[in-house]
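Student: What follows is a predicted protein model with its sequence.
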Amino acid sequence: MKIMNEATLETMHKMNLLGMYRVFKTSLESGKKEKCTTDEMISNLVQSEWDDRQNRGIERLVKNARFRYKASMEELNFKIDRNMDKNQIMRLGECKFIDKKENILITGSTGIGKSQTASAIGHQACYLGYKVAYYNTVKLIGKLKIARADGSYIKELARLERQDVLILDDFGIQPFDAQGRSMLMEIIEDRHGKGSVIITSQVPVNKWHDVIGDKTLADAILDRIIHQAHRIELKGESMRKRNLNGEKSSTKQEAVTTA
């Protein structure tokens with residue numbers, strides 16, 4: 001029996017049935033004496049394999065997204081007054097906006113939590129099985145310029161188009177040049193009606209025409225971005241500044257207590 005079980009474990013591992021492998025191996029090592037029917041055993045093995053593949057799939061999606069921040073919906077702070085509607089954020093966390101090919105625009109001053117909010121929604125999308133790609137906008141345009149020079153531009157655009165959600169962080173932190181405007185137009189045009197975009201920006205939406213630069217292209221780009229987009233306009237004090245002040249206060253308090 002022992003030899004047969006070892007052979008079964010080896011076969012499971014070779015077939016990459018890692019969920020089944022771990023459960024069966026744990027069961028053998030624990031020396032459990034409980035009896036279960038054949039149906040129960042099969043059900044347990046299959047469910048374990050399903051759960052394992054789901055988890056590995058989520059890990060792969062999160063890794064491929066290349067988020068700048070590790071964030072989750074549970075970590076978002078709704079207690080601080082930042083003009084963040086919890087009901088709106090939770091609804092967006094259901095990711096129905098992705099199925100509807102809708103966009104999300106998150107604006108506010110530096111340090112207010114725009115990137116964290118976008119990343120949290122992006123992580124949630126990965127957990128639900130959607131493909132997400134996170135980019136700093138300036139770095140993405142720079143990458144595409146290099147791709148155009150080395151002949152991989154079409155391939156890079158195709159990869160972006162395959163994503164269910166494209167996150168463009170720090171949009172408008174630098175004005176677009178003519179080539180950057182053209183590339184932005186291609187990205188947005190490829191995604192229009194096919195995939196969602198989440199954009200974070202320190203610049204208010206009504207100033208994006210100036211950032212893009214060319215009125216005709218700006219009209220075309222913004223018409224595709226803003227139409228039926230969900231807007232989150234964060235306000236208040238910088239979270240980074242608040243956290244820093246909190247750490248300083250805590251340090252001072254500890255020093256007083258120690259003294």
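Tutor: Arrived safely.

Student: so where's this structure uncertain?
Tutor: Of all residues in the chain, those with pLDDT under 70 make up the ranges 1-2, 31-35, 239-259.

Student: Could you list the domains of it?
Tutor: Residue ranges for the domains of the chain, per automatic domain parsing: 2-64, 66-241.

Student: okay, these, which one's buried deepest?
Tutor: Between those, domain 66-241 has the highest mean count of neighbours, a mean of 17, where neighbours are mean count of other CB atoms under 10 Å. Yep, even glycine has a C-beta here, placed from its N, CA and C like the rest.

Student: Nearest residue to the middle of this structure?
Tutor: To find the centre residue of the chain, average its C-alpha atoms and take the closest one (CA atoms, centre = their mean): that gives G122, at 2.4 Å.

Student: Over to the closest residue to it other than its chain neighbours: give its phi and psi.
Tutor: Counting by CB to CB, 6 or more residues apart in numbering, G122 lies nearest to V132, which is 4.7 Å off, once chain neighbours are set aside. Note on V132: backbone dihedrals following degrees, to the nearest 10 are phi -130, psi 140.

Student: Contact partners for V132?
Tutor: With contacts taken as CB atoms under 8 Å, 6 or more residues apart in numbering, V132 has the following neighbours: 61, 64-65, 122, 125-126, 163-167.

Student: between these, which is closest to I106?
Tutor: I167 (9.8 Å; CB to CB).

Student: That closest one reaches A120, doesn't it?
Tutor: No - judged on CB atoms under 8 Å, I167 makes no contact with A120 at a distance of 10.9 Å.

Student: list residues touching both of these two?
Tutor: Counting by CB under 8 Å, 6+ apart, I167 and A120 have no contacts in common.

Student: doesn't R68 make contact with G122?
Tutor: No - distance between G122 and R68: 10.0 Å, which falls outside the contact criterion (CB under 8 Å).

Student: Show me the common contact partners of these two, please.
Tutor: When CB under 8 Å, 6+ apart defines a contact, the residues bordering G122 and R68 alike are Y134.

Student: Just give the nearest non-adjacent residue to D164, would you?
Tutor: Counting by CB to CB, 6+ apart, Y130 is the residue found nearest to D164 once chain neighbours are left out, at 4.0 Å.

Student: Could I get the contacting residues of that neighbour?
Tutor: Going by CB under 8 Å, 6+ apart, Y130 touches 61, 95, 98, 164-165.

Student: Redo those residues as JSON lines? Include distance to R181 and secondary structure.
Tutor: Conversion of the contacts of Y130 to JSON lines gives the following (distance: CB to CB, whole Å; DSSP: H, G, I helix; E, B strand; the rest coil):
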{"residue": "L61", "distance to R181": "31", "secondary structure": "helix"}
{"residue": "C95", "distance to R181": "30", "secondary structure": "coil"}
{"residue": "I98", "distance to R181": "26", "secondary structure": "helix"}
{"residue": "D164", "distance to R181": "25", "secondary structure": "coil"}
{"residue": "V165", "distance to R181": "23", "secondary structure": "strand"}
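
Student: Between the residues you listed, which sits nearest D85?
Tutor: When the contacts of Y130 are ranked by distance to D85 (CB to CB), C95 comes first, at 17.0 Å.

Student: Dihedrals phi and psi, the closest one?
Tutor: In this entry, C95 is assigned phi and psi values of phi 70, psi 20 (degrees, to the nearest 10).

Student: From what I see, it and K131 are in contact.
Tutor: No - the pair C95 and K131 does not pass the contact test of CB under 8 Å, sitting 11.9 Å apart.

Student: what sits in contact with each of those two?
Tutor: Overlap of the contact sets of C95 and K131 (by CB under 8 Å, 6+ apart) is empty.

Student: follow-up on the earlier one: with respect to L184, which of the contacts of V132 is nearest?
Tutor: Sorting the contacts of V132 by how near they are to L184, with CB to CB, puts L166 at the top with 11.5 Å.

Student: quick one: secondary structure of that closest one?
Tutor: Judged by DSSP: H, G, I helix; E, B strand; the rest coil, the three-state class of L166 is strand.
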